[in-house]
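# Task: produce atomic coordinates for the following.
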Amino acid sequence: MTMATLGLNLALFLAALAFMEGFAWVMHRYVMHGWGWVWHRSHHEPRAGRFELNDLFAVVFAAPAIVAIYFGVHGVPWLLPVGLGITAYGAIYFMFHDGMVHQRFKVPLGKSRYWKQLIQAHRIHHAVHTKDGAVSFGFLLARPVRELKAKLRARGVDA
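Predicted coordinates for the structure are as follows:
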């Protein structure tokens, strides 16, 4: 592998990883809190058991990564780093969201200011238990907590 190919693969990996935050925000805001609320509602309610209906989104969102990796290995090489970038985002999301925030399994809580802000922003998101009115739909980028709380207060929700 040449340095140019390595550089291109790294760029594609990082681009896919970065793209996924925007994609996740859009999916969370307009699908999960839209017509996909049928599945996502389970995530805003107390969980009874190990799984919730919302977990099906992980299967749906994994499909493009699986397809990209498969075709990246079997004839379209540039799809491999794209698929791996999507997968890396999924792994980071899983550790952060399911581990740190919702504590579905043991993972050390992030102690940095960045992780604390993300955890608090996601908990503020869960202050709303309905399809409408929530704030903070991203997973790795979040507005400052004071802004999110102010938005909720303006909507009549105490966070």
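# where do the strands sit along the chain?
With strands called from DSSP state E, the chain shows none.
# Dump the longest helix anywhere in it to CSV, restricted to CA.
When the chain is parsed with DSSP state H, its longest helix is helix 3-26. Provided in CSV are the C-alpha atoms of helix 3-26 (Å, rounded to 0.1, in the frame of the first residue of the first chain):
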residue,chain,number,x,y,z
MET,A,3,1.4,6.4,1.3
ALA,A,4,-1.1,8.0,-1.0
THR,A,5,-3.5,5.1,-0.7
LEU,A,6,-3.0,5.0,3.1
GLY,A,7,-3.7,8.7,3.3
LEU,A,8,-6.8,8.4,1.1
ASN,A,9,-8.1,5.4,3.3
LEU,A,10,-7.5,7.4,6.5
ALA,A,11,-9.3,10.4,5.0
LEU,A,12,-12.2,8.3,4.0
PHE,A,13,-12.3,6.6,7.4
LEU,A,14,-12.3,10.0,9.2
ALA,A,15,-14.8,11.5,6.8
ALA,A,16,-17.2,8.6,7.4
LEU,A,17,-16.8,8.9,11.1
ALA,A,18,-17.4,12.6,11.1
PHE,A,19,-20.4,12.3,8.7
MET,A,20,-22.1,9.9,11.0
GLU,A,21,-22.5,12.5,13.8
GLY,A,22,-24.6,14.6,11.4
PHE,A,23,-26.4,11.6,10.1
ALA,A,24,-27.1,10.4,13.6
TRP,A,25,-28.4,13.9,14.6
VAL,A,26,-30.8,14.0,11.6
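# Give me the contact list for it.
With C-beta atoms under 8 Å, 6 or more residues apart in numbering as the test, helix 3-26 has contacts from 1, 78, 80-86, 88-90, 93, 137-141. Backbone N, C-alpha and C define where each C-beta goes, glycine included.
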